[in-house]
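> can't give you the sequence, but here's the structure:
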């Protein structure tokens, strides 16, 4: 009976694993007013930036949430060593439908030392989607290198974030997500500044797989749906931005296309400028060039991006779109659809995403420690092929661990019970074997209970009669 329960436990674990729900994608669409907001990272630390450097809160590596008003400037304090490249990104996520001004509403990010010296260029993410409010992001860095002179010493530094806004735009407070990452040092030091790359800049044709797989875009970086090379389909609502992520290794590059179908509406005939946008971000949430926005007239339309190959030396390049392709890892794709598209797609549009990871993966630069997010693992590639979000991949891994643990425990219990039963049977056989002298077959039963069965220590003859020994269940109580 115990063995049966153990077996059922293993079966139950497998059944629970098989019953894990596969979350459906967006099979229906709602109105533009129901567009979901940006999802902040789970476990992100709340922080309140100060308008003064003297009161700046301490910023630790990881995700943080804050909020920023128009015209506001926020300071955050960080302590940096003299060996590590540090990256600071900010995502501004205004509520969908908020009024914004193209190029006028933006963030300015900078890293400064205690003397007010800027550590490299500032970042200025802004809107350029025809007045559409969508998440904007970019990063700044304190980089260590032989080609740099400023900000190379250990000591106190500041991340400074400023929100600039047009008087014609909304006054809503923007939720803010800050990410602080450290890049591992190289084993052999920083390489010399490379020459110009020899890779082609001619954009290839989009990928043309016959089968479309289903993708599930997220609201931002934290719940982005994974994709791999192939043709994917999803649905997008007017006013919505959907995020996807794809693993790109050293030596590889991205060829991307986000497409709207032709409209079947007989009433819409307007020309919509900058209606469909495609933006690319690197693993540190740095913008890979400017987003591509295309117009729409009811005919199929496509926004396209083609990146440089991932290379450590790209960080020395003066072209922003090349400079950002500086490390391997998950790259993020953000697809935006203008609210005005509702006249063509009142219930949302089918989105086709063509993803082509080109090139053979190469060895990395040789980090002195674990590469962390700046790498691509076999598990990452498997997650991308399955189209899972990071949360689904983590849940799947946890359930597999539980299943293996449950099955392993069941096997150990079975082996232990089997050994215990074998010992009990041998003990019973010895007790029931031929005897000479008192208690043997035909002899007087003076050594124990009736039939020659010996009494246990501290047990009466009557109790021995009530507890017959059955080798299937082991020794009687008190053995």
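In hand now; what should we look at? Quick caveat: nothing in here was measured; it's all calculated off a predicted structure. Numbers count the residues shown, from 1 in each chain.

> backbone dihedrals for the residue nearest in space to the middle of the chain, both of them.
For the chain, the residue nearest the mean C-alpha position is residue 390 (3.2 Å; Cα atoms, centre = their mean). Dihedral pair for residue 390: phi -60, psi -40, per degrees, to the nearest 10.

> and if you look at residue 302?
phi -140, psi 130.

> residues near it, how many?
As a burial measure, residue 302 scores 16 neighbours (other Cβ atoms under 10 Å). Where C-beta positions appear, they are placed from N, C-alpha and C, glycine not excepted.

> list of residues touching the helix or strand where residue 352 lies?
Following DSSP states H and E, one finds residue 352 within strand 349-358. Strand 349-358 is contacted by residues 204, 206-208, 212, 215, 217, 227-236, 242, 244, 246-248, 252-261, 333, 335, 337, 341 when judged by Cβ atoms under 8 Å, 6 or more residues apart in numbering.

> pull out the buried positions in that strand.
349, 351, 352, 353, 354, 355, 356, 357, 358 (16 or more other Cβ atoms under 10 Å).

> stretch 303-320 too?
For stretch 303-320, by 16+ other Cβ under 10 Å, it's 303, 305-317.

> among those, which are in strands?
In strands, judged by DSSP state E, the following of these are found: 303, 305, 306.

> contact partners for the last one?
Same thing as residue 306. 203, 204, 253, 254, 255, 256 are the contacts of residue 306 under Cβ under 8 Å, 6+ apart.

> nearest spatial neighbour of the third one, chain-adjacent residues omitted?
Across the structure, with Cβ to Cβ, 6 or more residues apart in numbering as the measure, the residue nearest residue 253 apart from its sequence neighbours is residue 309 (4.4 Å).

> assess the claim that that neighbour and residue 360 are in contact.
No - Residue 309 lies out of contact with residue 360 (Cβ atoms under 8 Å); the separation is 10.2 Å.

> overlap in contacts of those two?
Residues touching both residue 309 and residue 360 by Cβ under 8 Å, 6+ apart: 251, 252.

> chain neighbours aside, what residue packs nearest to residue 332?
residue 281 is the one closest to residue 332 (Cβ to Cβ, 6+ apart), at 4.2 Å.

> number of nearby residues for the one you found?
When neighbours are counted by other Cβ under 10 Å, residue 281 registers 25.

> beta partners of it?
residue 287, residue 332 (DSSP bridges).

> cool, residue 86 as well?
residue 142, residue 182.

> that one and residue 60 touch, don't they?
No - counting by Cβ under 8 Å, residue 86 stays clear of residue 60, with 11.6 Å between them.

> list the residues that contact both of these two?
Contacts common to residue 86 and residue 60, judged by Cβ under 8 Å, 6+ apart, are residue 180.

> more neighbours, these two?
Ranked by neighbour count (other Cβ under 10 Å), residue 86 and residue 60 place residue 86 first, with 23 against 11.

> which single one of the buried residues of stretch 303-320 is nearest to residue 52?
Using Cβ to Cβ, residue 315 comes nearest to residue 52 of the buried residues of stretch 303-320, at 32.3 Å.

> surely that closest one and residue 143 touch.
Yes - using Cβ under 8 Å, residue 315 makes contact with residue 143 at a distance of 6.9 Å.

> output the below-cut-off pLDDT ranges for the stretch 201-350 of the chain.
For the stretch 201-350 of the chain, no stretch is flagged by pLDDT under 70.

> now the strands: where do they sit in it?
With DSSP state E, counting those that start in this stretch as the criterion, the stretch 201-350 of the chain has strands at 212-214, 225-226, 230-236, 241-248, 253-260, 272-281, 292-296, 301-306, 329-337, 349-358.

> for the shortest one, packing partners?
Taking 3 or more Cβ pairs under 8 Å, 6 or more residues apart in numbering; DSSP states H and E as contact, the helices and strands that strand 225-226 lies on are strand 241-248, helix 378-386.

> got the angle for the shortest one vs strand 230-236?
With axes from the mean of the first three to the mean of the last three Cα atoms, to 10 degrees defining the directions, strand 241-248 sits at 160 degrees from strand 230-236.

> quick one: strand 241-248 to chain centroid distance?
Offset of strand 241-248 from its chain centre (Cα atoms, centre = their mean, to the nearest Å): 10 Å.

> if we can go back for a sec, just the closest of the buried residues of strand 349-358 to residue 369, please.
Here the nearest of the buried residues of strand 349-358 to residue 369, counting by Cβ to Cβ, is residue 357; it sits at 26.2 Å.

> how close does the closest one get to residue 251?
Distance of residue 357 to residue 251, computed by Cβ to Cβ, to the nearest Å: 11 Å.

> now swap in residue 365 and tell me
Between residue 365 and residue 251 the computed distance is 11 Å (Cβ to Cβ).

> check contacts around residue 152.
82, 144.

> all strands in the stretch 1-150 of the chain, in order from the N-terminus.
45-46, 62-68, 73-80, 85-92, 106-113, 136-142.

> show residues contacting the fourth one.
It stands for strand 85-92. Contacts for strand 85-92 (Cβ under 8 Å, 6+ apart): 38, 59, 68, 78, 80, 107, 109, 111, 125, 135-144, 159, 161, 163, 174-183, 185, 220-221, 284-286.

> alright, calling it a day.
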